[in-house]
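Novice: model this:
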Amino acid sequence: MLNPSPTSAAERVYGEVKELILTNGIAGGELISEGEIATRCAVSRTPVREAFLRLETEGWMRLYPKRGALVVPIGEREAADVIDARKLLEGHAVRSVARQPDASALLVERLRENLAAHRAADPSDLAEFARLDVQFHQLIAAAGDNPLLADFFVTLGERHRRMTTVSVNRNPGMPERIFTDHDGLLGAIAAADVDLFDSLLDRHLTEVHNLTGDRR
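Specialist: Got it, this is the predicted structure:
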């Protein structure tokens, strides 16, 4: 078999390191070295360096020559901005769906399927837990039948996953809280109660992600 090219090796390292960041396998604030990752991924330092540069460009890392790469923690402002965007997009989608009984019924069915799969998942698999959490909210956003807004919501997915993983890692009781909140959101959609949905979503996102005080 041919050896992988430097480009493909860099792509693999990029994907593996980014996944570790998103799933809290490498925590925010942690300093990692090229050598450490090269050993972990069984590659030379060159593809690691390329992957680190790409991750820095995307805002996941800050590089310090001869010291390593610092994984950028989730800041309060970043979390608040993500949550504000999610509330606007999900609220807009639910307002749209509330006027369309057939679309609302289909969304409720899909959300129930998601919640059942979420509860059945291994609670120790934080990556899968976060993926299903993101899927629940993306189903809502996509139901608004506005492809541009739905696509923008998808771009928030990586930050959403990371925030959820950090929250669950911090509080072992968080999965059950998220299940309960999602059940309430589902009920508000089924009842076409947009105001209740907005209120529940605001509380859900603020408390799950531990935002307090003046978020600006």
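
Novice: what is the rounded mean pLDDT of the one helix or strand residue 202 maps to?
Specialist: Following DSSP states H and E, one finds residue 202 within helix 194-208. Model confidence over helix 194-208, given as mean pLDDT, is 96.

Novice: Excluding its own residues, what touches that helix? List them.
Specialist: The contact list for helix 194-208 (C-beta atoms under 8 Å, 6 or more residues apart in numbering) reads 83, 86-87, 90-91, 94-95, 98, 164, 167, 174, 177-178, 181-182, 184-185, 188-189, 211. In short, each C-beta sits where N, CA and C put it, glycine included.

Novice: repeat for stretch 61-77
Specialist: Contacts with stretch 61-77, where a contact means C-beta under 8 Å, 6+ apart, come from 21, 26-34, 36, 52-53, 55-56, 59-60, 159, 162-163, 166, 211, 215-216.

Novice: again, only using 7 Å
Specialist: By C-beta atoms under 7 Å, 6 or more residues apart in numbering, the surrounding residues in contact with stretch 61-77 are 21, 26-33, 52, 55-56, 59-60, 162-163, 166, 215.

Novice: What residues sit buried inside that stretch?
Specialist: Across stretch 61-77, burial judged by 16 or more other C-beta atoms under 10 Å covers 61, 68-72, 74, 76.

Novice: which residue sits closest to the most centrally placed residue in the chain, ignoring its sequence neighbours?
Specialist: Centroid-nearest residue in the chain, with C-alpha atoms, centre = their mean: residue 161, separated by 1.8 Å. Closest residue to residue 161 apart from its sequence neighbours, by C-beta to C-beta, 6 or more residues apart in numbering: residue 130 at 4.4 Å.

Novice: Averaged pLDDT, the helix or strand containing the one you found. What do you get?
Specialist: For residue 130, the element it lies in under DSSP H and E is helix 126-142. For helix 126-142, the mean pLDDT works out to 93.

Novice: re earlier: which residues touch the residue nearest to residue 161?
Specialist: Contact analysis of residue 130 by C-beta under 7 Å, 6+ apart lists 23, 161, 164-165.

Novice: Mind doing that once more with 8 Å?
Specialist: 22-23, 160-162, 164-165, 168 are the contacts of residue 130 under C-beta under 8 Å, 6+ apart.

Novice: In a markdown table, list these along with pLDDT, secondary structure and distance to residue 48.
Specialist: Converted to a markdown table, the contacts of residue 130 look like this (pLDDT from 0 to 100; DSSP: H, G, I helix; E, B strand; the rest coil; distance: C-beta to C-beta, whole Å):
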| residue | pLDDT | secondary structure | distance to residue 48 |
| --- | --- | --- | --- |
| 22 | 92 | helix | 18 |
| 23 | 89 | coil | 19 |
| 160 | 91 | helix | 27 |
| 161 | 91 | helix | 23 |
| 162 | 92 | helix | 21 |
| 164 | 92 | helix | 27 |
| 165 | 91 | helix | 23 |
| 168 | 89 | helix | 29 |
